[in-house]
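Novice: Attaching a predicted model along with its sequence, questions to come.
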Amino acid sequence: MLGQCPQGAITVTEREADEFSQEEVHQYLKEKSETPPAPLAAVSTPKQPQWPVKLDLVPLKAPFFENADILLAADCAPVALKNFHDLMVGKRVIIGCPKFNDARAYAAKLTEILKQNSIASITVMHMEVPCCTGLKWAVNKAIEGSGKQVPVKEYEVKVGGDIVEL
């Protein structure tokens, strides 16, 4: 049984889902590229694309991680912050939820990402609810386990949409 958000901000619907297939994603993107995308607001697009963004799904080693500034954000943060895309500029985004996923597994995955790539910095952005601080814990454990010195900034997103640097 999964927990629930103490603020009532999210709900969980359980359902069966197909396995993630990198090949199907590439085929879909290839077919979709034949139609030009609609213009978006001016957001800096990195030279090396990054997909997926969920921590459970990102690869351990990838060209887009080399010398990257990582933004590790709680799943809820983009919903709570109207300017989330502004905070993404120049960063590689990874999202996750330590309440609904195993924070120890997050720490282990982040440790391997740090070991296998040259990460320039990590920005952790979590919600103000206590369960969300598991992201910062996972980053601390990953840095310790990797033996690397990586600068970390931590931000707390208030349920009302304000953001505070810790």
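Specialist: Perfect, thanks for sending it. Fair warning: this is a prediction, and the values are worked out from it, not measured in the lab. Residues are numbered from 1 along each chain as shown.
Novice: same question for stretch 64-72, mean pLDDT?
Specialist: Per-residue confidence for stretch 64-72 averages out to 94 on the pLDDT scale.
Novice: Just the C-alpha atoms of it, please, in CSV.
Specialist: Coordinates of each C-alpha in stretch 64-72 appear next as CSV, following Å, rounded to 0.1, in the frame of the first residue of the first chain:
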residue,chain,number,x,y,z
PHE,A,64,24.4,14.4,-21.3
PHE,A,65,25.6,13.8,-17.8
GLU,A,66,29.2,14.7,-18.6
ASN,A,67,30.2,18.0,-16.8
ALA,A,68,26.5,18.5,-16.2
ASP,A,69,24.7,20.6,-13.6
ILE,A,70,21.9,18.3,-12.3
LEU,A,71,18.5,19.6,-11.1
LEU,A,72,17.1,16.8,-9.0
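Novice: buried residues in that stretch?
Specialist: When neighbours are counted by 16 or more other Cβ atoms under 10 Å, the buried residues of stretch 64-72 are found to be 65, 68, 70-72. For the C-beta atoms, the positions are set from N, CA and C on the backbone; glycine is no exception.
Novice: cool, stretch 145-156 as well?
Specialist: Buried residues in stretch 145-156, defined by neighbour count with 16+ other Cβ under 10 Å: 146, 154-156.
Novice: a markdown table please, covering the residues you listed and showing secondary structure.
Specialist: Putting the buried residues of stretch 145-156 into a markdown table (DSSP: H, G, I helix; E, B strand; the rest coil) gives the following:
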| residue | secondary structure |
| --- | --- |
| 146 | helix |
| 154 | strand |
| 155 | strand |
| 156 | strand |
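Novice: out of the residues you listed, who's nearest residue 112?
Specialist: Ranking the buried residues of stretch 145-156 by separation from residue 112, with Cβ to Cβ as the measure, puts residue 146 on top at 8.2 Å.
Novice: Pull the contacting residues for the closest one.
Specialist: Applying Cβ atoms under 8 Å, 6 or more residues apart in numbering to residue 146 gives the contacts 111, 114-115.
Novice: same for the lengthiest strand in the chain, what does it pack against?
Specialist: Ranked by residue count and defined by DSSP state E, the top strand of the chain is strand 119-127. Using 3 or more Cβ pairs under 8 Å, 6 or more residues apart in numbering; DSSP states H and E as the contact test, the elements touching strand 119-127 are strand 68-74, helix 77-80, helix 134-146, strand 152-157.
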